[in-house]
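Novice: Test case, fold it:
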Amino acid sequence: MLFLIIVSIIFLYIFHELYWKRRNLPPGPTPIPILGNLLELNKLKPGYEAFGKWRKQYGPVFTFWMAQKPFIIIASYEKLKETFVKDGDTYVDKQLAVVEKQRLGQNYGVLDTNGEMWSIHRRFALTQLRDLGLGKDLMQEKILMEVVELFKDIDANSGKEFDLPGLIDRSVGNVINLTLFNKRFERNQGDEFAHLKSLIDDIRDVASKFRYFIQFLVPWTSRVIPGPTLSEKSREKRNKLDDFFYSQIDEHQKEIDFDSHESFDFVEAYLKEQRKREEDGDMETFSRKQLCAMCFDLWIAGLLTTTSTLTWGISYYLHDPKIRKNIHEELDRVIGNDRLITTADKNNLPYLSAFLNETQRCANIIPLNLLHMTTRDTVIDGYPIAKGTGVIAQISTVMLDETVFPEPFHVNPDRFLENGKLKKVDEVIPFSIGKRQCIGEGLARMELFLFFANIFNRYEVLQGKDGLPDLDKSKDNFVIPRKFNAVLRRRYQD
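Specialist: So this is what the prediction gives:
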């Protein structure tokens, strides 16, 4: 009798796992108990091949199980438009980080909030980025100032081998720090920036480890997996970053002129809005904790994504003599000297712009995109989807769609050119799509163009003695920046 009960329980469990819980969802790979389809993702790092294989097998809409949670994967551009663009409100919410809620008591910022809190602060951030010069000459001037400072550091190492990504890191960090705090890291503050960058890298490295990925998705496993938990590993680093942000906020609080209508940085604008709302009786929407979280979101997103793309782009440049030749020929023909290149030159540099597009497509730095969830019951591809179900805009699969991009893993800027002019390709969506699209897209695009164009115009970039940068992504769960040494030589003599 006991044997029959045990066999029945096992049968019912297998029946539930393999059929019952999946019966009303789009087809997809068969999940294993507890882990779902995560082992396959870990086996085929960073995930491109797994999602590409599943798209071929199940179509552009399929179900992917992250532990015990089903996520509907949207893996074609047309389906992305149908869902995240035409019906954006249904997919605007995000599955929030339990770790952050445990650390702070509730979720803050724009990456880990939903509803009115998210909507108000996203709109505020976009408005302030625009007012601070995004899309105008003011923001370009800040970036070009960092380009000039970068040139000074490079020229100081003329003919020598040095850590080029390290210098680029600080330059990009200065752009976002100027935007947030109107301050840059001077050369004598290099240690401070290096410390902050190391904290961000440590958080990224922790989050990229498979065991912590499991803890994030299945919190109870932290009680049975030996060793420190995800929360414990990341809390100390995050608290130190928060200390830096709070110190900058407190400094602004002391110096700010609340009677002035002009704001010189994001934090100043935020504190003025906070004062205004508190005078109207709203003591909660704009808060010190929320401002700190906003600084973290904007700082880490503005630094990591841009430096990752820049280091991958320079790596692709170093690996391909044809790309180097074409870039330099265009720059010599259009620019002709080592003056600073501005965004006004962009339309006259189609090959360089094509290279930038191809870099973003191939670097593809987000192999698994934002974890959305439905705000109401809906229908996707004919399947009824309940409110609260996870949905992912799988942009990495779209940008590696071989029907749009033949030989998708091959770097080929020519695919973006037609009759010598830059061709728009809708499927290149490195900043995602829909209402959760990256708020820093405009700033990142401007930085990428100005840094790439000016570095390649002024210098010939050569590999260091250790050889070409590693292009293998299969070693890590995340796509991380490339580390390499390079030798830079001036292309024009004074």
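Novice: Break down the stretch 251-400 of the chain into its strands, ranges please.
Specialist: Counting by DSSP state E, counting those that start in this stretch, the stretch 251-400 of the chain has strands at residues 371-373, 378-380, 383-385, 390-393.
Novice: Quickly run through the sheet partners of the first one, with directions.
Specialist: Neighbouring strands of strand 371-373 in its sheet, by DSSP bridges, are strand 93-94 (antiparallel), strand 390-393 (antiparallel).
Novice: Of all those, which one is nearest R22?
Specialist: Minimum separation from R22 across the strands paired with strand 371-373 (C-beta to C-beta) falls at strand 390-393, 14.1 Å. For glycine as for every other residue, the C-beta is placed from the backbone atoms N, C-alpha and C.
Novice: and that closest one, average pLDDT?
Specialist: Taken as a whole, strand 390-393 has a mean pLDDT of 95.
Novice: start the count at 462, not 1, going forward
Specialist: Understood, numbering begins at 462; the last thing we discussed is strand 851-854.
Novice: And S708, how close does it get to C756?
Specialist: 11 Å (C-beta to C-beta, to the nearest Å).
Novice: The two: which is more packed in?
Specialist: C756 (25 against 11; other C-beta atoms under 10 Å).
Novice: Point out where the stretch 612-761 of the chain drops to low pLDDT.
Specialist: Within the stretch 612-761 of the chain, the stretches with pLDDT under 70 are 650-651, 677-678, 680, 683, 688, 690-692.
Novice: Please enumerate the helices of it.
Specialist: Ranges of helices in the stretch 612-761 of the chain, per DSSP state H, counting those that start in this stretch, are 625-642, 651-669, 671-678, 691-716, 727-740, 749-780.
Novice: tell me the angle the first one makes with helix 727-740.
Specialist: Put plainly, it is helix 625-642. 30 degrees (axes from the mean of the first three to the mean of the last three C-alpha atoms, to 10 degrees).
Novice: Helix 625-642 packs against which elements?
Specialist: Packed against helix 625-642 by the contact rule (3 or more C-beta pairs under 8 Å, 6 or more residues apart in numbering; DSSP states H and E) you find helix 598-617, helix 651-669, helix 691-716, helix 727-740, helix 749-780, helix 902-919, strand 946-951.
Novice: which one of those lies closest to E791?
Specialist: Closest to E791 of those is helix 902-919 (C-beta to C-beta; 9.6 Å).
Novice: out of the helices and strands packed on helix 625-642, which comes closest to I534?
Specialist: Proximity to I534 (C-beta to C-beta) singles out helix 651-669 among those, at 20.5 Å.
Novice: Show me what counts as buried in that closest one.
Specialist: Buried positions in helix 651-669, judged by neighbour count with 16 or more other C-beta atoms under 10 Å: F654, L657, K658, L660, I661, D663, I664, R665, V667, A668, S669.
Novice: How about stretch 496-505?
Specialist: L496, G497, N498, L499, E501, L502, N503, L505.
Novice: Tabulate the residues you listed (CSV), appending secondary structure and distance to T804.
Specialist: Putting the buried residues of stretch 496-505 into CSV (DSSP: H, G, I helix; E, B strand; the rest coil; distance: C-beta to C-beta, whole Å) gives the following:
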residue, secondary structure, distance to T804
L496, coil, 47
G497, strand, 45
N498, coil, 43
L499, helix, 42
E501, helix, 43
L502, helix, 38
N503, helix, 41
L505, coil, 39
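Novice: Mind putting the residues you listed into a markdown table with distance to K603 and pLDDT?
Specialist: Putting those into a markdown table (distance: C-beta to C-beta, whole Å; pLDDT from 0 to 100) gives the following:
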| residue | distance to K603 | pLDDT |
| --- | --- | --- |
| L496 | 46 | 83 |
| G497 | 45 | 87 |
| N498 | 44 | 90 |
| L499 | 42 | 86 |
| E501 | 44 | 87 |
| L502 | 39 | 82 |
| N503 | 40 | 81 |
| L505 | 41 | 82 |
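Novice: which among those residues gets closest to F674?
Specialist: Proximity of these to F674 (C-beta to C-beta) peaks at L499, which lies at 7.3 Å.
Novice: before we move on, back to that, V865 is nearest to which of the helices and strands packed on helix 625-642?
Specialist: helix 749-780 (19.3 Å).
Novice: Measure how the closest one sits relative to helix 902-919, angle-wise.
Specialist: 30 degrees.
Novice: Which positions in helix 749-780 come out as buried?
Specialist: 751-779.
Novice: How far does it sit from its chain's centre?
Specialist: Helix 749-780 sits 7 Å away from the centroid of its parent chain (C-alpha atoms, centre = their mean, to the nearest Å).
Novice: list the contacts for the residue most central in space within the chain?
Specialist: By C-alpha atoms, centre = their mean, the chain has its centre lying nearest to T766, at 4.5 Å. Applying C-beta atoms under 8 Å, 6 or more residues apart in numbering to T766 gives the contacts I826, C899, G901, A905.
Novice: Dump the residues you listed to TSV, plus pLDDT, neighbour count and distance to R484.
Specialist: TSV is the format used below for the contacts of T766 (pLDDT from 0 to 100; neighbours: other C-beta atoms under 10 Å; distance: C-beta to C-beta, whole Å):
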residue	pLDDT	neighbour count	distance to R484
I826	90	20	36
C899	90	17	36
G901	88	21	41
A905	93	20	42
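Novice: of all these, which two lie farthest apart?
Specialist: Greatest spatial distance in these: I826 and G901, 13.5 Å, computed using C-beta to C-beta.
Novice: ok, so what distance separates N649 from L505?
Specialist: Distance, N649 to L505, using C-beta to C-beta: 46 Å.
Novice: One more: L587?
Specialist: Going from L587 to L505 by C-beta to C-beta gives 36 Å.
Novice: Same check on E819?
Specialist: To L505, E819 is 23 Å away according to C-beta to C-beta.
Novice: And L463, by the same measure?
Specialist: Between L463 and L505 the computed distance is 42 Å (C-beta to C-beta).
Novice: likewise R951?
Specialist: From R951 to L505 the distance is 43 Å (C-beta to C-beta).
Novice: And the host helix or strand of F512, what's buried?
Specialist: Assigned by DSSP states H and E, F512 belongs to helix 509-519. Under the neighbour-count criterion of 16+ other C-beta under 10 Å, helix 509-519 has Y509, E510, A511, F512, G513, W515, R516, Y519 buried.
Novice: And the residue lying closest to the fourth one once chain neighbours are set aside, what's its pLDDT?
Specialist: Closest residue to F512 apart from its sequence neighbours, by C-beta to C-beta, 6 or more residues apart in numbering: T858 at 4.7 Å. The predicted local distance difference test score for T858 is 95.
Novice: quick one: D550 and T835 touch, right?
Specialist: No - between D550 and T835 there is no contact under C-beta atoms under 8 Å: 10.1 Å.
Novice: So what sits opposite K555 in the bridge?
Specialist: Assessed by DSSP bridges, K555 has beta-bridge partners H833.
Novice: gap between it and I761?
Specialist: K555 sits 16 Å away from I761, taking C-beta to C-beta as the criterion.
Novice: Could you do G513 as well?
Specialist: According to C-beta to C-beta, G513 and I761 sit 28 Å apart.
Novice: ok, now L605?
Specialist: L605 is 24 Å from I761, by C-beta to C-beta.
Novice: Also I710?
Specialist: 16 Å.
Novice: now swap in K737 and tell me
Specialist: Distance check for K737 against I761: by C-beta to C-beta, it reads 28 Å.
Novice: next one: P521
Specialist: P521 is 31 Å from I761, by C-beta to C-beta.
Novice: what helix or strand is S935 on?
Specialist: Going by DSSP H and E, S935 is not in any helix or strand.
Novice: number of nearby residues for it?
Specialist: If we define neighbours as other C-beta under 10 Å, then S935 has 10 of them.
Novice: For it, which residues are in contact?
Specialist: Neighbour list for S935: L505, K506, P507 [criterion: C-beta under 8 Å, 6+ apart].
Novice: Good, wrapping up.
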